[in-house]
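Enquirer: fold the following.
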Amino acid sequence: MAQLNLAIVGHVDSGKSTLSGRLLHLLGRISKKEMHKNEKEAKSQGKGSFAYAWALDESVEERERGITMSVAVAYFDSKNYKVVVLDSPGHRDFVPNMISGATQADAAVLVVDGSHGAFEAGMKGGQTKEHAQIIKSFGVKQIIVAVNKMDVVGYSKDRFDEIKHTLGTFLWRSCRFENSSVCWVPLSAMENQNLVSAPSDDRLLSWYSGLCFLDAVDSLQPPKRESDKLLLMPICDVIKSSKGQVSACGKLQAGALQNGLKVRVMPSGELGTVRSLERDGSQSCSTATAGDNVAVTLQGIDDRHVMAGGVLCDPDVPVAFAKHLELNVQLLDGAKPLLVGSQLEFHIHHAKEAARVVKIASLLDPKTLKVAKRSPRCLLAKQVAVIEVVLQGPVCVVEYSMCRALGNVSLRALGNTVALGKVTRIIEKQK
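Expert: Numbers count the residues shown, from 1 in each chain. Okay, here's the model as predicted:
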């Protein structure tokens with residue numbers, strides 16, 4: 001079966017982790033013993049409704065605060081796919097972590113809270129819009145909108161239609177999702193309605209005859225892989241064992257890996273040899289291809305040279321390490337004007353750096369992307385432009401035309417994502 005990397009995104013408290021945990025439990029990926037333990041611990045802390053979420057929110061701080069803070073990874077098999085679940089944080093403080101998960105996604109589930117007031121809060125100043133824009137900018141074209149907590153509104157068709165109209169208009173007009181690539185699923189994770197089979201509650205069954213959530217996942221089109229291209233794997237995490245072994249973890253964006261293969265580890269430029277590979281969290285394998293999430297144990301290299309934000313690549317074609325870049329960006333709705341000298345937080349794959357705008361080269365027509373005005377004084381909300389940025393420190397980078405995952409960028413300021421875009425030119429490489 002093909003692998004599908006599925007990002008679960010949405011505003012805080014929309015029920016992302018509960019949906020993921022309930023699904024994993026229904027599919028037998030969480031044992032009764034483990035579920036009983038979570039239920040007991042959740043009740044003891046007065047958080048009984050968090051039991052399913054705790055299957056993914058495992059840290060003490062996440063459980064105390066009742067929110068997801070990092071990207072949790074889990075696995076399940078559907079009829080058509082080996083699914084890698086990337087359960088992303090919804091709180092605005094942890095959007096940088098959500099961005100790290102979005103870079104690995106083939107498709108996404110946008111979870112919204114169907115209850116009155118909560119959906120509106122996610123749309124007005126919340127993370128619903130921000131998350132949708134981020135995943136689209138990272139090349140995700142297929143999305144399932146899971147309208148959760150439908151039990152709270154009595155499985156109201158009017159409420160579902162209202163949400164579909166409001167959010168659907170935004171996804172089409174602002175994010176440019178194709179209507180045919182958006183699947184709408186009403187459900188209740190807590191009451192197990194419409195998750196892995198048709199709903200049993202007559203209030204939902206009376207008007208909804210579409211796909212259940214699991215069938216919606218199976219309806220997604222298989223992602224295209226770039227296995228025939230040169231090796232590229234951004235490193236999202238590093239595991240160091242007590243035996244001195246070091247493993248680089250991440251999604252293999254292009255090319256292939258096999259035991260015994262020599263790889264170059266950037267930004268150090270050092271060579272290492274693949275000692276062993278693990279896929280899907282624990283399955284040993286001798287080869288891995290583009291699209292696989294793998295842990296690559298390396299030998300013949302100092303573990304200090306392997307770091308998150310780095311890249312494994314072909315020994316003969318190292319990726320660039322640079323801090324002066326040309327970007328094609330669009331300012332998001334509500335963003336403050338961007339000026340030469342503006343200070344930003346620059347995010348690319350699993351790396352982030354402080355950045356400064358040093359040039360606004362031109363404004364572009366948003367439809368044709370042709371130059372509409374050269375050297376404008378500032379960039380306003382919703383405008384598209386070519387700009388140059390200089391980062392405080394260099395990052396591993398590839399032009400977007402060569403690799404989407406290593407060329408997509410997001411720019412943030414004061415806790416908000418202000419612009420999304422792509423690297424169009426590497427102006428100066430570090431030696």
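Enquirer: quick one: the helices in the chain?
Expert: Under the criterion DSSP state H, helices of the chain are mapped to 16-26, 32-44, 60-65, 95-102, 118-123, 127-137, 157-173, 202-205, 213-218.
Enquirer: and Tyr400, which of these is closest to it?
Expert: helix 127-137 (10.7 Å; CB to CB). C-betas here are computed from N, CA, C, even on glycine.
Enquirer: what is that closest one packed up against?
Expert: Counting contacts by 3 or more CB pairs under 8 Å, 6 or more residues apart in numbering; DSSP states H and E, helix 127-137 is packed against strand 2-9, helix 95-102, strand 107-113, helix 118-123, helix 157-173, strand 408-413, strand 416-429.
Enquirer: gap between stretch 268-285 and the chain center?
Expert: Chain-centre distance of stretch 268-285: 22 Å, with CA atoms, centre = their mean, to the nearest Å.
Enquirer: my bad, stretch 297-315
Expert: That offset, for stretch 297-315, works out to 23 Å (CA atoms, centre = their mean).
Enquirer: mind listing what's buried in that stretch?
Expert: 297-298, 301, 303, 305-314 (16 or more other CB atoms under 10 Å).
Enquirer: just put the residues you listed in JSON lines and tack on distance to Glu326.
Expert: What follows is the buried residues of stretch 297-315, written out as JSON lines (distance: CB to CB, whole Å):
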{"residue": "Thr297", "distance to Glu326": "37"}
{"residue": "Leu298", "distance to Glu326": "33"}
{"residue": "Ile301", "distance to Glu326": "32"}
{"residue": "Asp303", "distance to Glu326": "34"}
{"residue": "His305", "distance to Glu326": "29"}
{"residue": "Val306", "distance to Glu326": "29"}
{"residue": "Met307", "distance to Glu326": "26"}
{"residue": "Ala308", "distance to Glu326": "25"}
{"residue": "Gly309", "distance to Glu326": "21"}
{"residue": "Gly310", "distance to Glu326": "23"}
{"residue": "Val311", "distance to Glu326": "20"}
{"residue": "Leu312", "distance to Glu326": "25"}
{"residue": "Cys313", "distance to Glu326": "22"}
{"residue": "Asp314", "distance to Glu326": "24"}
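Enquirer: with respect to Leu406, which of those residues is nearest?
Expert: Val311 (7.0 Å).
Enquirer: so what pairs up with the closest one in the strands?
Expert: Pro234, Met266 (DSSP bridges).
Enquirer: so it sits against Cys236, correct?
Expert: No - contact between Val311 and Cys236 fails when scored by CB atoms under 8 Å: they sit 10.7 Å apart.
Enquirer: what touches both of those two?
Expert: His349 (CB atoms under 8 Å, 6 or more residues apart in numbering).
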